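Asker: below is the sequence, then the predicted model.
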Amino acid sequence: MADNKFLDRFKGSSGSKTVVQLVVVSIIVGALFTLMGISPRDFWRGIFDNVQRLVAMLGENVGEVALTLFTYLAIGAAVVVPIWLITRLISRK
């Protein structure tokens, strides 16, 4: 039963409507990429290059990456959690 719900959500409302939406969006994206001079290969290569740079920036090994991510988490949480707490306290009626 849960598999059917997931499949229905994945497919969208109706198969033909989903196909039409995909065709329209594909035409728009294709036109924009053509106008900007970007090929699908360039697009995906750029995505993968950015991921590689991000991993290199984080560190060379798993320990460095984990430490860097934990540092980012701690710094971000020091800002986000107090703001979240204040908004929760203010919005409580």
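Answerer: Done, it's in.
Asker: for stretch 61-73, give the mean pLDDT please.
Answerer: Mean pLDDT, computed over stretch 61-73, is 85.
Asker: residues making contact with that stretch?
Answerer: Val55, Leu58, Gly59 (CB atoms under 8 Å, 6 or more residues apart in numbering). C-beta: built from backbone N, CA, C; applies to glycine.
Asker: nearest to Leu85, of the residues you listed?
Answerer: Closest approach between these and Leu85, by CB to CB: Leu58, at 28.7 Å.
Asker: tally of neighbours for that closest one?
Answerer: Counted with other CB atoms under 10 Å, residues neighbouring Leu58 total 14.
Asker: likewise for Ile90?
Answerer: Neighbours of Ile90 under the rule other CB under 10 Å: 8.
Asker: circling back to that earlier point, redo the contacts of stretch 61-73 as a markdown table? Include secondary structure and distance to Ile86.
Answerer: Formatted as a markdown table, the contacts of stretch 61-73 follow (DSSP: H, G, I helix; E, B strand; the rest coil; distance: CB to CB, whole Å):
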| residue | secondary structure | distance to Ile86 |
| --- | --- | --- |
| Val55 | helix | 35 |
| Leu58 | helix | 31 |
| Gly59 | coil | 34 |
